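S.K.: Here is the input, now give the coordinates:
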Amino acid sequence: MAQPFRQGSHYGSKLLNGVDIRLLEDRMEICSSVSWHVLSSAILPGGFSFASRIVNWKVPLDYIGVDPVQDMMDQLVIWGSEPASTVGLITAAKLTHASVTEIAGDRFNLLCCTTVGTRNAARAGTRRDTFSAYAPGTINTVLLIDGQMTESAMVNAIITATEAKAAAMQQLGIIEHASGQIATGTTTDAVVIGVSQRLDWNAVHAYAGAATTIGCSIGEAVYRTVVEATRTQHEE
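M.R.: Just a heads-up that it's a prediction; the model follows:
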């Protein structure tokens, strides 16, 4: 686990061949030499897709976001990225304080990169004021898994990652200001699961709950990165 962008602008994966993370002026780009089978709650494209690039775009705190999908597509064109092969995230968090960890597992390797902003911390399951507009803040988590997973296992991985995020928020004591209770995340969190689906692993992970080897590693990676990025978000 580390925060490589507090002093640098590049991180090359130790376990995932061809995967690089670069910090640029207004975004973080996770690039791969191959396409990944992706499931995400990102604004672009969301759901299942295939992508070789994941962009985490840092917007100002006063970003209105009337049409964030179009805004993202316009920015990708400006940056020279192909929208059809890119997953786009939006955040107002410090990209320099992203936390990255990698785990060599049981017939898989994984990389987790998380950026955190908790200005709009919230607790799911309690009554609160709601709104239709987009508001930045956001815990964005990207998990890249070199291995094989069924689509149902990828959905299961989203659940495990979300549970781990909520556990980290509890451990950190992050409060939803409206209720005074422990937050489970923020109002605008997003998660990306990318899987290489390389056949030479010769093992298809059909489940990703906390009791499986892959699910336990996903939970540990998300928990660690959320804790580190949250604890340091107000530091220089």
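S.K.: close enough to count as contact, His205 and Asp146?
M.R.: No - contact criterion CB atoms under 8 Å: His205 and Asp146 do not qualify, at 11.7 Å. Glycine gets a C-beta too; all of them are placed from N, C-alpha and C.
S.K.: List the residues that are in contact with both of those two.
M.R.: By CB atoms under 8 Å, 6 or more residues apart in numbering, His205 and Asp146 have these common neighbours: Phe108.
S.K.: tell me what the biggest strand by length in the chain is packed against?
M.R.: The longest strand of the chain (DSSP state E) is strand 27-40. Judged by 3 or more CB pairs under 8 Å, 6 or more residues apart in numbering; DSSP states H and E, the packing partners of strand 27-40 are strand 19-23, strand 47-58, strand 109-116, strand 139-146, helix 151-172, strand 190-195.
S.K.: quick one: buried residues of it?
M.R.: For strand 27-40, the neighbour count (16 or more other CB atoms under 10 Å) marks 27-30, 32, 36-40 as buried.
S.K.: need the residues you listed in JSON lines with pLDDT and distance to Phe48, can you?
M.R.: Below are those laid out as JSON lines (pLDDT from 0 to 100; distance: CB to CB, whole Å):
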{"residue": "Arg27", "pLDDT": "97", "distance to Phe48": "23"}
{"residue": "Met28", "pLDDT": "98", "distance to Phe48": "23"}
{"residue": "Glu29", "pLDDT": "98", "distance to Phe48": "21"}
{"residue": "Ile30", "pLDDT": "98", "distance to Phe48": "18"}
{"residue": "Ser32", "pLDDT": "97", "distance to Phe48": "17"}
{"residue": "Trp36", "pLDDT": "98", "distance to Phe48": "11"}
{"residue": "His37", "pLDDT": "98", "distance to Phe48": "7"}
{"residue": "Val38", "pLDDT": "98", "distance to Phe48": "7"}
{"residue": "Leu39", "pLDDT": "98", "distance to Phe48": "5"}
{"residue": "Ser40", "pLDDT": "97", "distance to Phe48": "8"}
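S.K.: In those, find the pair that's most separated.
M.R.: Spatial extent of those (CB to CB) is set by the pair Arg27 and His37 at 23.1 Å.
S.K.: Next one: the residue sitting furthest away from the middle of the chain, what pLDDT does it get?
M.R.: Distance from the C-alpha centroid of the chain peaks at Asn202, with 26.8 Å (CA atoms, centre = their mean). Per-residue confidence (pLDDT) for Asn202: 96.
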